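Novice: Sharing a sequence plus its predicted fold:
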Amino acid sequence: GVRYQEVSLPQLKELKSRTITTRMPRAVQTKYKKAAKAISGELKAMVVKYRDLRHKLNQLKEDTGDLYDRRKSKVYQDLTKATSTVKKALARLTQISSEGMFKADVGSKVFRDNSTEKCLYFCSNFKLAESVVKKNSKIRREKVHAVLWAKEISFYQNGEIVAQVKEDDNMGVEGFDALYEDTGIYTKMASEEDEDTETESTWAMDISKKYVRENETLATAVCSDNYARGFNFQTFTKVIHLDRGAGFDSELLKQRTARAYRGGQAEQVEEIYIDATFAPDSETEGSVSDTARATRVDLKNALSLQR
């Protein structure tokens with residue numbers, strides 16, 4: 001492990017984790033069940049086909065076939081991506097589980113209950129992201145709240161956009177400063193220190209570093225998974241997963257949390273998973289709900305599909 005004190009960084013505190021489940025509206029349940037049923041046969045077949053190969057993945061050398069990821073030139077580590085049908089279906093299920101914006105109220109309540117902390121959200125649905133940030137911006141109207149998406153960053157106050165930059169604007173942080181630095185959306189954090197990075201800087205990195213990470217006036221940010229790697233947001237202490245990513249990718253979830261839970265973080269970080277279910281609302285410690293733990297299924301094969 002990293003010895004943070006030897007590099008003049010605070011020792012990371014233990015990561016807290018909890019899961020909040022919320023019942024899907026009936027119309028969303030019906031749509032979700034239909035989409036899930038369409039791939040259930042293929043998932044069962046995949047479990048049978050690959051369950052005995054999970055422990056052999058590191059030894060496989062083949063460069064063709066179902067177990068080979070041609071784009072990355074390596075053997076698959078996440079077998080749920082081994083067929084395009086399953087990959088597309090999982091992405092579709094993620095989108096369906098966020099329809100109706102019912103998760104927005106649950107996500108916004110996390111901020112309402114922790115309004116003195118900076119909250120970092122991740123999701124795959126832009127409408128959900130926009131709904132959450134608008135709700136948050138009406139909880140603390142004096143603060144700024146951001147949506148960080150693939151090709152744009154928008155800042156909200158009291159439900160309205162007060163500043164925005166798009167990739168096509170070809171605007172760096174200096175240009176953004178000229179337009180917005182003196183409008184009240186930015187206050188530099190007194191204790192923030194610059195850090196070295198080997199990642200090539202982009203417009204999104206430059207603007208988010210100053211106006212999201214280092215901004216005392218900003219309270220919440222909702223990000224797409226474009227921001228799950230390469231961005232450092234150690235000033236946030238809550239990481240809220242509004243979904244499990246487009247492909248239910250466990251490694252992606254770790255990367256999301258690692259935006260805040262990383263070297264330079266002095267406070268305790270809590271990750272919160274918000275899962276849509278068919279069961280009544282609940283809350284539990286850890287990354288899996290009590291409802292899921294209580295379900296009588298053969299988890300041995302299911303777990304074999306995880307990284």
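Specialist: Perfect, thanks for sending it.
Novice: since we're on S40, how many residues are nearby?
Specialist: By the criterion of other C-beta atoms under 10 Å, S40 has 11 neighbours. C-beta: built from backbone N, CA, C; applies to glycine.
Novice: try R92
Specialist: For R92, using other C-beta under 10 Å, the count is 17.
Novice: I'd guessed it sits against Y32; true?
Specialist: No: R92 is beyond contact range of Y32, at 9.5 Å (criterion: C-beta atoms under 8 Å).
Novice: which residues of this protein fall in strands?
Specialist: Taking DSSP state E to define them, one finds strands in the chain at 16-23, 68-69, 74-75, 119-122, 144-149, 152-157, 160-166, 218-223, 238-241, 270-277, 282-285.
Novice: Any stretches of the stretch 101-250 of the chain with poor pLDDT?
Specialist: By pLDDT under 70, the weakly predicted segments of the stretch 101-250 of the chain are 191-201.
Novice: Give me the buried positions along the longest helix belonging to the chain.
Specialist: Secondary structure of the chain per DSSP state H: the longest helix is helix 26-50. Of the residues in helix 26-50, 28-29, 31-32, 35, 39, 43, 46-47, 50 count as buried by neighbour count, 16 or more other C-beta atoms under 10 Å.
Novice: V106: which of these is nearest?
Specialist: For the buried residues of helix 26-50, the minimum distance to V106 (C-beta to C-beta) is 13.7 Å, reached by V28.
Novice: and the closest one, how far is that from I240?
Specialist: Distance of V28 to I240, given as C-beta to C-beta, to the nearest Å: 20 Å.
Novice: With V47 instead?
Specialist: Distance of V47 to I240, computed by C-beta to C-beta: 31 Å.
Novice: Could I get the contacting residues of K118?
Specialist: 218-220, 235-238 (C-beta atoms under 8 Å, 6 or more residues apart in numbering).
Novice: again, only this time at 7 Å
Specialist: 219, 235-237 (C-beta atoms under 7 Å, 6 or more residues apart in numbering).
Novice: Excluding residues flanking it in the chain, which one is nearest L179?
Specialist: A163 (7.3 Å; C-beta to C-beta, 6 or more residues apart in numbering).
Novice: still on that earlier bit, just give me the closest of the buried residues of helix 26-50 to G100.
Specialist: G100 has its nearest neighbour among the buried residues of helix 26-50 in V28, at 5.3 Å by C-beta to C-beta.
Novice: That closest one against I96, yeah?
Specialist: Yes: taking C-beta atoms under 7 Å as the definition, V28 is a contact partner of I96 at 6.5 Å.
Novice: any common contacting residues for the two?
Specialist: Common contacts of V28 and I96 (C-beta under 7 Å, 6+ apart): none found.
Novice: how far away is the residue positioned nearest the centre of the chain from A228?
Specialist: Nearest to the mean C-alpha position of the chain, by C-alpha atoms, centre = their mean, lies F122 at 3.1 Å. With distances taken as C-beta to C-beta, F122 is found 7 Å from A228.
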